[in-house]
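Undergrad: All I have is the shape, not the residue letters:
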């Protein structure tokens, strides 16, 4: 399914990441299960082994390199879908406490089965971000919140920042064509401050950008609004 171990290891080493044989074997299990499950539930358009390695596993695990995630941090992956970046991050950093949040239950079923297969301790949770962010046990309780290509930045900020504790970090993973400027006002209103913009390329030249936002003050209680308001009038 994936490229052979030595070839896969070399891809990660180009980015100063080390992948053990044990982690590689879990990625191999992950890829095979994903492609098989994808035949009945649409999870990804990327189904070739080399592309899964580069565009899903490598891209997700680069969070462990580019973002400063403290040991044993509580991490929320919003709109986790097929498990990216949350599950590969769990493989790279088993110390992390990772919650995978998705609004579609069929994806949650996949994520639960995947976590059991890989033996990782991710918690898969079914729910909408704008509703879960109102729950006392989730609001401003996470050290790190991440999302990968879920929504436009102003909208994604309103979904994400209410979960981040003051002093924590929101990490948005994006393609190259979405600037941060239209979201700066929303980020400020929600208690955040942009601290870093990290641009990089995957093998083959696909450009990526990571926006790192520090939570500097509490999010006003009126946010997030309901989904209709968020869509009709982004911050």
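TA: Everything's here; your move. From a predicted model like this one, the values you see are computed outputs, not experimental measurements. Numbers count the residues shown, from 1 in each chain.

Undergrad: pLDDT score for the nearest residue to residue 21 once chain neighbours are set aside?
TA: Among residues not flanking residue 21 along the chain, residue 5 sits closest, at 6.0 Å (Cβ to Cβ, 6 or more residues apart in numbering). Heads up, the C-betas are built off the backbone N, CA and C, glycines and all. On pLDDT, residue 5 comes in at 97.

Undergrad: State the distance from residue 5 to residue 51.
TA: Computed as Cβ to Cβ, to the nearest Å, the residue 5 to residue 51 distance reads 18 Å.

Undergrad: next one: residue 151
TA: For residue 151, the distance to residue 51 - Cβ to Cβ - is 24 Å.

Undergrad: Which one of these two is surrounded by more residues?
TA: residue 151 (19 against 16; other Cβ atoms under 10 Å).

Undergrad: which stretch of helix or strand covers the closest residue to the more buried one other than its chain neighbours?
TA: Using Cβ to Cβ, 6+ apart and skipping the chain neighbours, the partner closest in space to residue 151 is residue 159 (6.7 Å). Per DSSP states H and E: residue 159 is located in helix 153-160.

Undergrad: Touching that helix from outside, list them.
TA: Helix 153-160 is contacted from outside by 78, 129-130, 133, 145, 147, 150-151, 170, 172, 174, 178, 180, 182-183, 185-187, 190, 192, 211, 213, 223-225, 230-231, 234-235, using Cβ atoms under 8 Å, 6 or more residues apart in numbering.

Undergrad: quick one: which helix or strand includes residue 114?
TA: helix 105-118.

Undergrad: hey, where'd the helices end up in this structure?
TA: For the chain, helices defined by DSSP state H occupy the ranges 5-13, 21-38, 49-51, 59-61, 63-66, 86-92, 105-118, 129-132, 153-160, 184-189, 227-232.

Undergrad: Reformat these as a markdown table; add distance to residue 207.
TA: As requested, those are arranged in a markdown table below (distance: least, Cβ to Cβ, whole Å):
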| stretch | distance to residue 207 |
| --- | --- |
| helix 5-13 | 17 |
| helix 21-38 | 23 |
| helix 49-51 | 16 |
| helix 59-61 | 11 |
| helix 63-66 | 14 |
| helix 86-92 | 20 |
| helix 105-118 | 27 |
| helix 129-132 | 26 |
| helix 153-160 | 16 |
| helix 184-189 | 21 |
| helix 227-232 | 27 |
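
Undergrad: Any idea which of those helices gets closest to residue 203?
TA: helix 5-13 (6.1 Å; Cβ to Cβ).

Undergrad: From the contact counts, what lies against that closest one?
TA: Judged by 3 or more Cβ pairs under 8 Å, 6 or more residues apart in numbering; DSSP states H and E, the packing partners of helix 5-13 are helix 21-38.

Undergrad: other SSEs contacting the helix it packs on?
TA: Looks like helix 21-38 contacts helix 5-13, helix 86-92, helix 105-118 (3+ Cβ pairs under 8 Å, 6+ apart).

Undergrad: buried residues in that helix?
TA: Of all the residues in helix 21-38, those buried under the rule 16 or more other Cβ atoms under 10 Å are 23-24, 26-31, 33-35, 37-38.

Undergrad: Out of those, which two are the most distant from each other?
TA: Farthest pair in the buried residues of helix 21-38, by Cβ to Cβ: 23 and 38, 21.9 Å.

Undergrad: Tell me the confidence at residue 116?
TA: Per the predicted model, pLDDT is 97 at residue 116.

Undergrad: Tally up the residues packed near it, please.
TA: Using other Cβ under 10 Å, residue 116 has 10 other residues around it.

Undergrad: Kindly report the same for residue 227.
TA: 15.
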